[in-house]
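Student: Model the structure of this input:
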Amino acid sequence: MKLFFRLSIIILSILVVGIIAITFIYFYLQTPIPANKIAATELAEQSAVKQEEKPYILKVPAGKEISAVAFELEEKGLIRSADIFYLKARLEKLEIKAGRYSIKSTMNMSDIFALLKSGKQDHISVSIPEGLTASKIAKLLFDSDVILSKEDFLKEVSNSELLQKYKIPASSFEGYLFPDTYYFNPSMNPKEVIVKLVDNFFAKIDSLEISAEDMEKLHKTVILASIVEREYSREEEAPLIASVFQNRLNHHIGLESCATILYILTEIEGRPHPERITYEDLKINSLYNTYKWAGLPVGPISNPGAIALKAASNPPKTNYYYFRVVDESSGKHHFSTSLEEHAKTGRELNIKAAAGK
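Tutor: Below is the predicted model of the structure:
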């Protein structure tokens, strides 16, 4: 009897110690991994400037398995054990919300769980430059984790019902995706992104006192602005370039904008950006070809910003019909009233180039 009692005590003690050990290991494996100690020399170099640790950005698309999240966090050294993470997630019935989360090395497993449960995602700041096309905006948003598919975004760019809602007389939102700095959620619905950009467009033209009452007139302004956007480099020249095009439109002269040829080559035909435009390129049979046809192209060739829109909406009265770049480094143009003056400027530039000036 005494022997049985002693054996029971020993077994019970072993079980208690085992439970304590397992419990310790379970909770220990949930603690953050301490950062590596910095060598004395590195510490001395960094003593003047305290460097802030960059969090790891965990991207969780819809449908991502908990096991995949656990493995990724363990691989990045943010948790001690993917198995314990997965076990804890199953015990706590963790439901991870899709999003983009900042995970710091100081966070323990419970902190990470709380964050993933909360759905408190990082907002993504994206600056869309003036003059990008819809396809380039799609790539920028995709690369920034704002959208999951460039193709789905471009389908929504041609959403006829949404275009009708805004009364835009076109088959695409090209030209209306206003360039600006935006704050997005990760993995957004492409339609929501487009609505955000287009709403901003109409807010901005209102602040510029550009009327949206006549949508046909506004659309022509957007087309002209999209060309001006691709042609100007210096802000003060945007109105003058708009005046050149407006004068040509008034006299049924082709706009002869190289920017429209580049749009055909890169956006319609899918070719890489050429080093130069050839005479054969100028003969391409396209309604965007302003060398072949007089008047505006059939649609915008970029998404213009405020400067180009303002210039195109009210071009100044000038006698200019031509312009050419005279300084590649600054983007400065010379404006001419006649073909003779325009050609003379070209000859002078060629002489200077030949002389190495």
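
Student: Can you give me the domain assignment for the chain?
Tutor: Residue ranges of the domains in the chain are recorded as 54-118, 124-207, 227-354, according to automatic domain parsing.

Student: And the ones you listed: which comes nearest residue 214?
Tutor: domain 124-207 (10.3 Å; Cβ to Cβ). C-beta here means a position set from N, CA and C on the backbone, and glycine is covered the same way.

Student: distance of the nearest residue to residue 74 once chain neighbours are set aside from residue 57?
Tutor: Nearest residue to residue 74, sequence neighbours excluded (Cβ to Cβ, 6 or more residues apart in numbering): residue 82, at 4.0 Å. When distances are taken as Cβ to Cβ, to the nearest Å, residue 82 and residue 57 turn out to be 19 Å apart.

Student: Comparing the two, which residue is more hemmed in?
Tutor: When residue 82 and residue 57 are compared for neighbours, residue 82 comes out ahead with 19 against 13, by other Cβ atoms under 10 Å.

Student: hang on, the more buried one packs against residue 73?
Tutor: Yes. Using Cβ atoms under 8 Å, residue 82 is in contact with residue 73, at 7.1 Å.

Student: Local confidence estimate at the closest residue to residue 318 other than its chain neighbours?
Tutor: Once its chain neighbours are removed from consideration, residue 318 has its nearest residue in residue 243; the separation is 4.2 Å (Cβ to Cβ, 6+ apart). Predicted confidence (pLDDT) at residue 243: the value is 97.

Student: again with residue 303
Tutor: Residue 303 is assigned 98 on the pLDDT scale.

Student: Show the contacting residues for it.
Tutor: Remark: with contacts taken as Cβ atoms under 8 Å, 6 or more residues apart in numbering, residue 303 is in contact with 128, 130-134, 137, 174-179, 226, 229.

Student: Skip the chain neighbours and tell me the closest residue to it.
Tutor: By the measure of Cβ to Cβ, 6+ apart, the closest residue to residue 303 outside its immediate chain neighbours is residue 177, 4.5 Å from it.

Student: Residue 154 is in contact with residue 138, correct?
Tutor: Yes. Because the distance of 5.5 Å satisfies Cβ under 8 Å, residue 138 is recorded as touching residue 154.

Student: which of those two has more neighbours?
Tutor: When neighbours are counted by other Cβ under 10 Å, residue 138 and residue 154 differ, and residue 138 comes out ahead with 24 against 16.

Student: what sits up against the helix or strand hosting that one?
Tutor: Residue 138 is part of helix 134-143 when elements are defined by DSSP states H and E. Surrounding helix 134-143, the residues in contact under the criterion Cβ under 8 Å, 6+ apart are 126, 128, 132, 147-150, 153-154, 157, 172-174, 177, 184, 193, 197, 267, 303.

Student: do that again at 7 Å, thanks
Tutor: Counting contacts by Cβ atoms under 7 Å, 6 or more residues apart in numbering, the residues outside helix 134-143 that touch it are 126, 128, 147, 150, 153-154, 157, 172-174, 177, 193, 267, 303.
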